[in-house]
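A.B. asks: Test case, fold it:
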Amino acid sequence: MDTEAAIFMWWVLFGGTHVVGSSVPVRSRLIRRLGLPGFKGVYTLVAFATFIPLCYVYLTDKHAGAVLFEPGEAMRWLAQAVMLLAFLFVGQGLATPHPMTTQAELTGSFPDQARGVQRITRHPENLGFGLFGVAHCLANPTVGDWLFFGGFAVYALVSAAHQDRRTLASGPPAVRAFQQQTSFWPFAAILAGRQRVVIRELRMNALWISATLFLVVRIFHGRIFGGFGG
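C.D. replies: Reported below is the predicted structural model:
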């Protein structure tokens, strides 16, 4: 099996087990048998068992397959800007409690309204991971690169949409109310008049930490992973 096929296979296994495992019938049955913490543990183990081989296949044969384009300097700068946004959205998402997280489900604590980055999108972490994939596709031109990094963008969209459908069907009232207030697509709820940007609600500490982490990763990226896009 060549590298491109292996990358595709592992993405299908990773994404497929996530979607099937979190579907309402399978999830409900496993939670009844294992309890919620037990289900989360098994779910995490399956994720590692499929994601680690995916990364291993790519990292042992980076830039496999045909070259699709030649990224220029402008494309590389655009990729850096997108990566900074990815760090900022993930940081804000992790720092802002909301009812669709594992922590909320385990503790039973469901915030009753959207705040901060959630006014922009109810899936800020997914948006960040998707932007991570897009940024690396802009800077890395081969089929293997696009399969690996493009998978992050595809999975971010699919998993967010799947979570919306599942929680709308089986989630508590606070989660359904949260979905009605917010939007899947960035800024859609704001454009529809259901939300507004409130700068003071953004987590400033998370913003500075995210920006600092971006700079650190940018500086040491070449030593750890090779040149960005190289």
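
A.B. asks: pLDDT below threshold where in the protein?
C.D. replies: Per-residue confidence for the chain (pLDDT under 70) gives these ranges: 101-112, 226-230.

A.B. asks: Grab the longest helix from it for me.
C.D. replies: Scanning the chain for the helix with the most residues, using DSSP state H, yields helix 24-60.

A.B. asks: Please enumerate residues in contact with the following helix or strand past it?
C.D. replies: Using DSSP states H and E, the helix or strand that directly follows helix 24-60 along the chain is helix 73-95. Among residues not part of helix 73-95, those counted as contacts by CB atoms under 8 Å, 6 or more residues apart in numbering are 71, 116-117, 121, 123-125, 127-132, 134-136, 138-139, 202-203, 205-207, 209-211, 213-214, 218, 228-229. Where you see a C-beta, it was placed from the backbone N, CA and C, and this is true even at glycine.

A.B. asks: Just the CA coordinates for helix 73-95, please, in CSV.
C.D. replies: C-alpha atoms of helix 73-95 as CSV (Å, rounded to 0.1, in the frame of the first residue of the first chain):
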residue,chain,number,x,y,z
GLU,A,73,6.1,33.4,-1.0
ALA,A,74,2.7,35.1,-0.8
MET,A,75,1.1,31.6,-0.3
ARG,A,76,3.5,30.9,2.6
TRP,A,77,2.7,34.2,4.3
LEU,A,78,-1.1,33.5,3.9
ALA,A,79,-0.5,30.1,5.4
GLN,A,80,1.2,31.7,8.4
ALA,A,81,-1.8,34.1,8.9
VAL,A,82,-4.3,31.2,8.7
MET,A,83,-2.2,29.3,11.3
LEU,A,84,-2.3,32.3,13.7
LEU,A,85,-6.1,32.3,13.4
ALA,A,86,-6.1,28.6,14.1
PHE,A,87,-4.2,29.1,17.3
LEU,A,88,-6.4,32.0,18.4
PHE,A,89,-9.7,30.1,17.8
VAL,A,90,-8.5,26.9,19.6
GLY,A,91,-7.2,29.0,22.5
GLN,A,92,-10.4,30.9,22.9
GLY,A,93,-12.5,27.8,22.5
LEU,A,94,-10.6,25.9,25.2
ALA,A,95,-10.7,28.9,27.6
